[in-house]
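Trainee: With the sequence up front, the predicted model follows.
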Amino acid sequence: MGKRRKIFDGNGAKLLKASTEIGGIVKLNVPGWAKTEIDDTELSNTTVQTALLAALKKYNDMTITIKFANQDEVVEGNAEYTIQFPGNVGTMKLWMDLKSVGDASFENNTGVTHDLTFLVTNMNAEGVETKPVLTLGGAA
């Protein structure tokens, strides 16, 4: 029998900036990545353009729907953010810069939420390349 995967519903997930809780996450779209094309066409090409796939990955924007606990921490500028999953599931740390704050949404039995969109910069405060880190904990 194969190993079972850990399943969790996400209730209780939080967004933190450094160690300060910004709020509870209502919806989270974890960013995927893509590589860009590099045009390799030369003047000697006569029938088709040629291209190469870049070696470096670029992470897509992250969008988080959140109920604020500490709105003062949501400011422009590159910072390390942590997605804290509920219980002992784990964390995801990313260096991001706030790209946009969406309109406030008001729904019955939900309260006020905002969509925050972040550019995943992959660069820490010292300008060093720092990719996202997913840390899983607890028993499988």
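Mentor: Sure thing, it's come through.
Trainee: Residue 106 reaches residue 114, doesn't it?
Mentor: No - in this structure, residue 106 sits apart from residue 114 without contact. The criterion is C-beta atoms under 8 Å, and the distance is 10.9 Å. C-beta: built from backbone N, CA, C; applies to glycine.
Trainee: In terms of packing, which of the two has more residues around it?
Mentor: Remark: of residue 106 and residue 114, residue 114 carries more neighbours, 18 against 9, as counted by other C-beta atoms under 10 Å.
Trainee: Shouldn't the more buried one be within a strand?
Mentor: Yes - if the criterion is DSSP: H, G, I helix; E, B strand; the rest coil, then residue 114 is within a strand.
Trainee: can you pull out the strands in the chain?
Mentor: Shown for the chain, the strands assigned by DSSP state E span residues 14-17, 20-29, 33-34, 37-39, 51-53, 58-59, 62-68, 78-84, 90-101, 105-107, 111-120, 133-136.
Trainee: Dump the ones you listed to TSV, plus mean pLDDT and distance to residue 45.
Mentor: Formatted as TSV, the entries for those read as follows, by pLDDT from 0 to 100; distance: least, C-beta to C-beta, whole Å:
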stretch	mean pLDDT	distance to residue 45
strand 14-17	93	48
strand 20-29	89	39
strand 33-34	92	25
strand 37-39	93	10
strand 51-53	94	11
strand 58-59	90	27
strand 62-68	90	38
strand 78-84	94	40
strand 90-101	93	37
strand 105-107	81	51
strand 111-120	90	35
strand 133-136	88	42
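Trainee: Just list whatever residues bridge to residue 62.
Mentor: With DSSP bridges as the criterion, the beta-bridge partners of residue 62 are residue 118.
Trainee: can you tell me which residues contact it?
Mentor: With C-beta atoms under 8 Å, 6 or more residues apart in numbering as the criterion, the residues that contact residue 62 are 28-31, 94, 96, 117-118, 120.
Trainee: re earlier: and residue 127, which of the strands of the chain is closest to it?
Mentor: For the strands of the chain, the distance to residue 127 is smallest for strand 78-84, at 9.3 Å, taking C-beta to C-beta.
Trainee: and the closest one, what does it pack onto?
Mentor: With contacts defined as 3 or more C-beta pairs under 8 Å, 6 or more residues apart in numbering; DSSP states H and E, the packing partners of strand 78-84 are strand 14-17, strand 90-101.
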